[in-house]
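Asker: Mind folding the following:
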Amino acid sequence: MNGDESYRRLFSAIINQAIDDATTYVPEGARLEKKLIPIRAREWFFNPNPMFELACAVTGYEPDAMRDRVRKIIAVAEARHAKGQTRPTRRRLTPGLGQDFQKRAGTGGGSRARDSAKLEFL
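Answerer: Numbers count the residues shown, from 1 in each chain. Got it, this is the predicted structure:
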């Protein structure tokens, strides 16, 4: 994977996390910190924000088209929340980094760090 691809994946993950945060279900009586998660994420998308513009540029998304898409995703999530459904159902924009690794390849470290690890340090 080259540097450009690494940055694209990083910023795709940032956008995906912001979408997850923007559509987070906040139950009645939740603490203020929890209530602020979707508010701040929505501000990241919809208020002037150079980091959002950079994320779109690196990932190849047009910012206004991304905002329109996020508005639709938020509307679907709010309708779902109104019906009492609180679990997310959307697919991510790009595959996660976990798909880059073979299944069960692991590090050889066992299920716990103290299990006989087969790690080498340079």
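Asker: what about the helices in this structure?
Answerer: 3-22, 32-46, 50-59, 63-82 (DSSP state H).
Asker: Mean pLDDT and mean neighbour count added to the ones you listed, as JSON lines?
Answerer: Glycine gets a C-beta too; all of them are placed from N, C-alpha and C. Listed next are the helices of the chain as JSON lines, based on pLDDT from 0 to 100; neighbours: other Cβ atoms under 10 Å:
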{"stretch": "helix 3-22", "mean pLDDT": "93", "mean neighbour count": "16"}
{"stretch": "helix 32-46", "mean pLDDT": "96", "mean neighbour count": "14"}
{"stretch": "helix 50-59", "mean pLDDT": "95", "mean neighbour count": "15"}
{"stretch": "helix 63-82", "mean pLDDT": "93", "mean neighbour count": "14"}
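Asker: Run through who's touching stretch 58-68.
Answerer: Residues outside stretch 58-68 that contact it (Cβ atoms under 8 Å, 6 or more residues apart in numbering) are 7-8, 10-12, 15, 45-46, 52-53, 55-56, 93-94.
Asker: could you redo these as TSV and give each row distance to Thr24?
Answerer: TSV is the format used below for those (distance: Cβ to Cβ, whole Å):
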residue	distance to Thr24
Tyr7	26
Arg8	25
Leu10	21
Phe11	20
Ser12	19
Ile15	15
Phe45	14
Phe46	16
Phe52	18
Glu53	23
Ala55	19
Cys56	22
Leu93	17
Thr94	20
